[in-house]
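> Below are the sequence and a predicted model; questions follow.
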Amino acid sequence: MNWILLLIAGLFEVGFTTCLGKAKETQGTESTYWFLGFLACLTISMSLVYKVTQTLPIGTAYAVWTGIGAAGTVLVGLLVFKEPATFWRIFFLLTLIASIIGLKMVSEH
């Protein structure tokens, strides 16, 4: 169950970085709404990470959480913010995903 919560926490990390990007692109009330979304996603993500670190090793949990967030944010950057999809970006994104899977596989919990 904690691995599922960690995955959800990572997805909310993607949510808060996406909200930051959208807040930067907008103005006025719309920007404020994106900022409020950022705060909500940040709070949920951090709360879930705190909960899972009660049972999972902190180093593994943190690495997986940030890895999910980083990989997801790169994908959002490519798909939503139209960032360039170069060979090396995709290559290192795949190595990051492989590392996340590897940490899960070697974890004792």
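Done, it's in.

> Below-threshold pLDDT in this protein: ranges please.
109 (pLDDT under 70).

> Can you show me the strands along it?
Assigned by DSSP state E, the chain shows no strands.

> what's the closest non-adjacent residue to the most centrally placed residue in the chain?
Centroid-nearest residue in the chain, with CA atoms, centre = their mean: Gly69, separated by 1.7 Å. Closest residue to Gly69 apart from its sequence neighbours, by CB to CB, 6 or more residues apart in numbering: Glu13 at 3.2 Å. Heads up, the C-betas are built off the backbone N, CA and C, glycines and all.

> show me the contacts for that neighbour.
The contact partners of Glu13, by CB atoms under 8 Å, 6 or more residues apart in numbering, come to 41, 45, 65-66, 68-69, 72-73.

> In helices only, show me those.
Within the contacts of Glu13, residues falling in helices by DSSP state H are 41, 45, 65-66, 68-69, 72-73.

> Make JSON lines from the residues you listed and add distance to Thr26 to it.
Formatted as JSON lines, these follow (distance: CB to CB, whole Å):
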{"residue": "Cys41", "distance to Thr26": "16"}
{"residue": "Ser45", "distance to Thr26": "22"}
{"residue": "Trp65", "distance to Thr26": "27"}
{"residue": "Thr66", "distance to Thr26": "26"}
{"residue": "Ile68", "distance to Thr26": "26"}
{"residue": "Gly69", "distance to Thr26": "22"}
{"residue": "Gly72", "distance to Thr26": "21"}
{"residue": "Thr73", "distance to Thr26": "18"}
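
> and the gap between the residue nearest to Gly21 when sequence neighbours are not counted and Leu75?
Excluding the flanking residues, the one nearest Gly21 by CB to CB, 6+ apart is Phe81, at 5.8 Å. Phe81 sits 10 Å away from Leu75 when distances are taken as CB to CB, to the nearest Å.
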